[in-house]
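[1] sequence first, then the predicted structure, then my questions.
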Amino acid sequence: MKRVVLFASVLLLGALAAAQSQSSHRPSSSPTGDNPDDLLNAPMTPPRADRPPPSSDKEDSGSFSSSKDSQGDITPPPGDDAHPGGDVDIEESTGVMEMKPWDPHAADKDVEVGIFYFKRSNYRAAEARFRDALHWQDNHAEATYRLATVLEKEGKAAEAQKYYRAYLKIHSDGEFVGETKKALARLTAADEGSKKAPQKKAATSPPS
C-alpha cells in the first residue's frame with residue numbers, strides 16, 4: 001500500500017513540474033492582450049493637442065534665454081537727435097519718415113553762385129541758387145539773408161520779410177543784422193503806406 005501512495009505522489013509531482021515548465025515558456029501577455037512584438041512594431045501616435053509637451057531640463061533650469069532677452073539695446077546714443085545729418089521729417093498723413101539732406105559745402109557753393117547772379121541783376125537765377133543752398137542746409141544764415149534781399153528786389157515783399165525775420169532768429173548778432181533791420185523797417189513802412197492809401201482815396205472821393 002505504501003508503494004502505491006509513493007508512486008501516486010511521484011506522478012503528481014511530475015505533473016505539477018510539467019505544468020510549471022509550460023507556463024514559464026508561454027509568452028507574457030500585455031495589458032491590452034497584444035503580442036509584445038506587435039506593440040514594438042506598431043506606429044507611434046502623436047500626443048494629444050490638449051496635453052502640453054514635456055519640458056526639458058534645460059528649459060526648466062533657465063539655461064536658455066528667450067529671443068527678446070538676447071536682443072541688444074536699440075535706443076539711440078545720447079545727443080543723436082542733435083546731429084545735423086539726423087534730422088527726420090515725418091509726414092503726418094502717411095507716417096513716412098524722410099531724411100533731410102545736409103551738405104554745408106554744397107550750400108556754400110550755391111550761395112557763391114547766387115551772389116554772382118545777383119551782382120548781374122539775374123534775380124531769378126540768384127533766387128534759385130539761394131533756395132538750393134537752404135535745401136542743403138536749412139539754417140544757413142547768409143543764404144537766408146541773400147534770399148530775402150533778392151525777393152525784395154523782385155517785389156515779393158511779404159516773403160522777403162519772412163526770410164529777413166528768419167535770419168535774425170538764426171544769427172541775431174551776425175554780419176547782416178543792421179541791413180536786415182533796416183530792410184524790415186523799410187518794408188513795414190511800405191506796407192503801412194499801402195494800407196493807408198486806399199483809405200485816404202476813399203475819404204476824398206465824391207459821393208455817388
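    The structure has been received and is ready for your questions.
[2] any idea how far the residue nearest to residue 176 when sequence neighbours are not counted lies from residue 183?
    Spatial nearest neighbour of residue 176, chain neighbours left out: residue 145 (4.6 Å); criterion: CB to CB, 6 or more residues apart in numbering. Where C-beta positions appear, they are placed from N, C-alpha and C, glycine not excepted. For residue 145, the distance to residue 183 equals 9 Å [CB to CB, to the nearest Å].
[3] which neighbours do these two have in common?
    residue 164 (CB atoms under 8 Å, 6 or more residues apart in numbering).
[4] higher neighbour count, those two?
    Using other CB atoms under 10 Å as the criterion, residue 145 and residue 183 rank with residue 145 on top: 26 against 21.
[5] check contacts around the more buried one.
    Residue 145 makes contact with 163, 164, 167, 174, 176, 179, 180 under the criterion CB under 8 Å, 6+ apart.
[6] now name the helix or strand holding the first one.
    The secondary structure element spanning residue 163 is helix 157-170 (assigned by DSSP states H and E).
[7] report the rounded mean pLDDT for the next helix or strand after that helix.
    Using DSSP H and E, the helix or strand that follows helix 157-170 in sequence is helix 177-204. Average pLDDT, helix 177-204: 81.
[8] can you pull out the strands in the protein?
    Using DSSP state E, the strands of the chain run over 88-90, 97-99.
[9] the ones you listed: lowest mean pLDDT?
    Mean pLDDT values for the strands of the chain show the minimum at strand 88-90, a mean of 44.
[10] could you list the low-pLDDT ranges of this structure?
    Where the chain drops to pLDDT under 70, the residues are 1-8, 10, 16-98, 197-208.
[11] before we move on, the earlier item: ok, now how distant is the residue nearest to residue 176 from residue 193?
    Separation of residue 145 from residue 193 (CB to CB): 24 Å.
[12] and what of residue 122?
    29 Å.
[13] who's more crowded, these two?
    Looking at residue 122 and residue 193 with other CB under 10 Å, you find the greater number of neighbours at residue 122, namely 15 against 9.
[14] ok, residue 139 - contacts?
    residue 170.
[15] tell me the phi and psi of it?
    When read as degrees, to the nearest 10, the backbone of residue 139 gives phi -110, psi 30.
[16] repeat that for residue 175.
    Residue torsions, per degrees, to the nearest 10, at residue 175 are phi -70, psi -30.
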